[in-house]
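**Student:** Only the shape, not the letters, is given here:
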């Protein structure tokens, strides 16, 4: 069944970038951003600029939400619990759901509330968006990779892929989406945390020196943990993720580095926290991620 109405939870870089493209495919009146009622009161009149152009998106409070064909979650992990509550009015019997959150655990939390039948697994990667003071800039829109979970109903992935095609959003359907999710987690564990701790950019993290050593060491620890979890991630996958970073604007920065500038709570628990917790299950040593977690917490506490 074609997707014609879309709601997005999360009005940050990921939600705005993809939402601006989807609006052109379904029509702006069929796309809405939904916020919890308190957040709506604070942000309903925010001026949003994307690559120099003012945007006019429909934003509604969760209390006014009605079922739509597709719900996209594009919040940070720190806002997932609230997002799951805020989307309740949006979910009808045939509503499809896609989560574009970082990490490998958000879908389990969503499924615990709404089930797996219309939920897919997905990641977004390769975007170099910077979102500061309600101004979004990007030169690479990246891509979405998606696939079915074990209990996803037939046709759901195809319906979402059809919408992405109509919206001109680069995407690919993965047979083994969990492996791709772990590869993305490996990349984030390296680039997000390194740039946050050092106040760096994509360019500085890939240049020879301490930042690059930190990046690679953190990623190799994540790779070892993935393998222990039964997800086969190779050195070739690591090199592929490094290549993705190398193709981004060298002066750009990932979300955690932007969090440091904006003094916002980061997703370090999703990155180093996940790696440390899973490493302990398997008796693996992950000193680089332990150091990164400690250093990020120190920076956050200084605010």
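**Tutor:** Right, received. Where do you want to start? The structure presented is a predicted model; accordingly, all values stated were derived computationally and were not measured.
**Student:** Show me the chain divided up by domain.
**Tutor:** 6-175, 178-301 (automatic domain parsing).
**Student:** Can you give me the first-to-last residue distance of the shortest one?
**Tutor:** The one in question is domain 178-301. One end of domain 178-301 to the other measures 34 Å (CA to CA, to the nearest Å).
**Student:** for the most centrally placed residue in the chain, helix, strand, or coil?
**Tutor:** Centroid-nearest residue in the chain: residue 101, 3.3 Å away (criterion: CA atoms, centre = their mean). Counting by DSSP: H, G, I helix; E, B strand; the rest coil, the backbone at residue 101 sits in coil.
**Student:** That one against residue 80, yeah?
**Tutor:** Yes - using CB atoms under 8 Å, residue 101 makes contact with residue 80 at a distance of 6.5 Å. Placement of C-beta: from N, CA and C, glycine included.
**Student:** Show the pLDDT at residue 298.
**Tutor:** Listed pLDDT for residue 298 reads 98.
**Student:** same thing with the one 5 residues further on?
**Tutor:** Looking at residue 303, its pLDDT reads 92.
**Student:** how near is it to residue 88?
**Tutor:** In this view, residue 303 and residue 88 are 32 Å apart by CB to CB, to the nearest Å.
**Student:** and these two? which has more neighbours close in?
**Tutor:** Neighbours around residue 303 and residue 88, counted as other CB atoms under 10 Å, are more numerous at residue 88. The numbers are 11 against 8.
**Student:** How many residues are close by residue 263?
**Tutor:** 10.
**Student:** That one touches residue 303, doesn't it?
**Tutor:** Yes - between residue 263 and residue 303 there is a contact under CB under 8 Å: 4.8 Å.
**Student:** hmm, back to that, which residues does the residue nearest to the centre of the chain contact?
**Tutor:** Applying CB atoms under 8 Å, 6 or more residues apart in numbering to residue 101 gives the contacts 73, 74, 75, 76, 77, 80.
**Student:** likewise residue 47?
**Tutor:** 54, 134.
**Student:** Just the pLDDT at residue 140, thanks.
**Tutor:** Per-residue pLDDT puts residue 140 at 89.
**Student:** That one: how many residues sit nearby?
**Tutor:** Residue 140 has 15 nearby residues by other CB under 10 Å.
**Student:** Name the nearest residue to it, ignoring sequence neighbours.
**Tutor:** residue 128 (4.7 Å; CB to CB, 6 or more residues apart in numbering).
**Student:** Which pLDDT does the model give that neighbour?
**Tutor:** Listed pLDDT for residue 128 reads 89.
**Student:** repeat for residue 47
**Tutor:** For residue 47, pLDDT reads 92.
**Student:** so how far is stretch 13-33 off the chain centroid?
**Tutor:** 16 Å (CA atoms, centre = their mean, to the nearest Å).
**Student:** er, stretch 147-161 actually
**Tutor:** Worked out by CA atoms, centre = their mean, stretch 147-161 lies 19 Å from the chain centre.
**Student:** for that stretch, how far is the first residue from the last?
**Tutor:** First residue to last in stretch 147-161 (CA to CA) measures 10 Å.
**Student:** Tell me how many other residues surround residue 111.
**Tutor:** When neighbours are counted by other CB under 10 Å, residue 111 registers 17.
**Student:** From residue 172, how far off is it?
**Tutor:** Taking CB to CB, one finds residue 111 at 23 Å from residue 172.
**Student:** Likewise for residue 206?
**Tutor:** Taken as CB to CB, the span from residue 206 to residue 172 is 24 Å.
**Student:** more neighbours, those two?
**Tutor:** Between residue 206 and residue 172, counted using other CB under 10 Å, the more crowded position is residue 206 (19 against 13).
**Student:** quick one, what contacts that one?
**Tutor:** Residue 206 sits next to 212, 215, 242, 245, 246, 250 when contact means CB under 8 Å, 6+ apart.
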